[in-house]
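Enquirer: My questions are about this predicted structure, shown below with the sequence.
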Amino acid sequence: MAASTRWIVLAALAAGLTAVAALGGSAEGKSKSSSAVRPNVVVLMTDDQTVESLRVMPNVKSLIADQGVTFDNSFVSYSLCCPSRSTFLTGQYAHNHGVWGNAAPSGGYYKLDSTNTLPVWLQRAGYQTIHLGKYLNQYGTRNPREIPPGWGQWYGTPDPSTYRYLDYTINENGNLVQFGTAAGDYKTDVESRLAVDLIARQATDPRPFFMWVAFVAPHSGAPRDADDPTGLATPSPAPRDKDHFANEPLPMPPSFNEADVSDKPAAIRNKALLGPGKIRAIRENYQQRLESLLAVDDAVGQIVNELARTGKLNDTYIIFTSDNGFFHGEHRVQAGKVLLYEPSVRVPLLMRGPGIPAGRHRSQFVANTDLAPTIVQATGAQPGRVMDGRSLIPFAKDRLLQSGRDILLETPTYAAVRSPNWLYAEHVTGEKELYNLARDRDELNSLQTNPNYDRMEANLAARLARLRQCKGAVCRRGPQLSLGARVQRRGTCRSSSVAARVGGPSLRRVSNTVFYLDRHLLKRDRRAPFTAFVPKRFAKPGGSLLEALITLTDSRRQTLGRHIVGCRF
């Protein structure tokens, strides 16, 4: 084949990778930080927080969101405390890390192999590792003085006092310290003071540090307050914040107290409509949960300010997220999580740090499987597990980067595939659900019995079957697409051009492609063949980045790219 007509297929097939320059590291997240100073990492994690509730946290907005990136499409695979936190510590879906619940024998702290988790990897990489607050459910029930592997500084709360805002125990590096019922003992405030003190101590430690601050708020917990509703557990806000939101209305989206649930599985169909008494209780719970977050927001301010005071802020990645979402009456669910609907699986996720652009929102599809790979890439640690996610850092830096992957939602009772516009679920009861989220974002009308969607359901079912057994790169795999390129020579270099063409087994599902050259729009192509031509004179002598942002008919989006070398003159 002549050189002028030779096609060069770029390395961007099944894995859904973009150009190396845009990725900033491998899919496993093993590459070292580009900074000469190894960065610190601080993870701030709430418990059962919804995306909607972020609006009452001004410090989170001004100190993290406005200084970094907000991921608007962030999900947890298993919306329950212990499985979700195990995913954070491993970068793996539940079917790979093996924690299927909060309690033994299928779940809980002792189910996870704690000798091979994120803090162990970071400690081996030379990091000081620090934990404050809630860990994994059932931690401490065998030995409350236990310190899990990998943690250099340990301030964990052993069960059963984890869910107490007052009158609880903290294991301070093997010493059990009891806190009382005074206002100064409020758990969120104590954890905030400990975090500030530990950051100050790190000023004299040459090692970089990793700190996980795991607040229990806004999870329900003791003590019971005078205004708590009957029959519904609530959090206990800090004394200074009680009744701050006493007049706050309860959000009532279209899914609230859903009138017609005939399309839903029996577990939802059997729920009665919520009466006025239950709705009042839900509102009280909602108000108290917002109030409990105010102390968390105070803690965020104090932690970030201490990082600034000690000169460490610019060298620190800060990640704010929650282990899962929560229901407040949507689909007749009075309270809780675990179910596959949006209030349960969509969570806040914000990040700031070295090289992360400020004040940006990102639409890419991300999940809690990505947190460990992100930290691994940022720190240069070597993971001891094959991780199922991929680093968030390239997504934060590049708004055009799309992986094309699906997200797996899984529990012992269902498995589901979540794509940008579709949700398909298979329950152990044999029941199925299918939602077109582009038209039905509140998941009101399941389409699994509509023959017009049989082909889409079959496609999603096949993708779900692959995800249920996936491991590592298979979990991250997007559509099978490639970007080919050939040089069309016409006399001199400056009169030649490079032709790019989208191909691959998934080509028949491509609806449109947008080509960019060095992030500038080059061409929109809405029909096959999806091609673009780059005159060599337009490419930089040192190389230009050609990217193809591809949208499929099933709503997935994937970015492929390559450097195009221009003429030297």
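Expert: Thanks, I have it.
Enquirer: I'd like to know how many residues surround the nearest residue to N314 once chain neighbours are set aside.
Expert: Nearest non-adjacent residue to N314, counting by Cβ to Cβ, 6 or more residues apart in numbering: P354, 7.0 Å away. The way it works is simple: take the backbone N, C-alpha and C, and place the C-beta from them, glycine included. Residues near P354, counting by other Cβ atoms under 10 Å, number 16.
Enquirer: does P354 count as helix, strand or coil?
Expert: Three-state call for P354 (DSSP: H, G, I helix; E, B strand; the rest coil): coil.
Enquirer: Can you list phi and psi of it for me?
Expert: Per-residue torsions, P354: phi -60, psi 120 (degrees, to the nearest 10).
Enquirer: any idea how far it is from D66?
Expert: P354 is 17 Å from D66, where distance means Cβ to Cβ, to the nearest Å.
Enquirer: Could you do W154 as well?
Expert: Distance from W154 to D66, by Cβ to Cβ: 33 Å.
Enquirer: So V177: helix, strand or coil?
Expert: strand.
Enquirer: Around it, how many other residues sit close by?
Expert: 12.
Enquirer: now swap in Y109 and tell me
Expert: Residues near Y109, counting by other Cβ under 10 Å: 25.
Enquirer: W154 and D66: which is more packed in?
Expert: Between W154 and D66, counting by other Cβ under 10 Å, W154 is the more crowded of the two (21 against 14).
Enquirer: mind listing what the more buried one touches?
Expert: Applying Cβ atoms under 8 Å, 6 or more residues apart in numbering to W154 gives the contacts 130-131, 147-148, 171-174.
Enquirer: just the buried members of the residues you listed?
Expert: 130-131, 148, 171 (16 or more other Cβ atoms under 10 Å).
Enquirer: At which residues are the strands of the stretch 101-250 of the chain located?
Expert: For the stretch 101-250 of the chain, the strands defined by DSSP state E, counting those that start in this stretch cover 128-133, 153-156, 168-172, 175-179, 209-214.
Enquirer: now these as a markdown table including distance to R280?
Expert: Listed next are those as a markdown table, based on distance: least, Cβ to Cβ, whole Å:
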| stretch | distance to R280 |
| --- | --- |
| strand 128-133 | 31 |
| strand 153-156 | 36 |
| strand 168-172 | 29 |
| strand 175-179 | 32 |
| strand 209-214 | 31 |
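Enquirer: and C470, which of those strands is closest to it?
Expert: strand 209-214 (26.4 Å; Cβ to Cβ).
Enquirer: and the gap between I303 and H520?
Expert: Taken as Cβ to Cβ, the span from I303 to H520 is 40 Å.
Enquirer: Same question for L546.
Expert: L546 sits 11 Å away from H520, going by Cβ to Cβ.
Enquirer: higher neighbour count, the two?
Expert: Higher neighbour count among L546 and H520: L546, with 24 against 8, using other Cβ under 10 Å.
Enquirer: Do you know the pLDDT at that one?
Expert: We have a pLDDT of 93 for L546.
Enquirer: Wait, a strand at it?
Expert: Yes. With three-state DSSP as the criterion, L546 is part of a strand.
Enquirer: What sits closest to it if chain neighbours are left out?
Expert: Nearest non-adjacent residue to L546 (Cβ to Cβ, 6+ apart): I564, at 4.9 Å.
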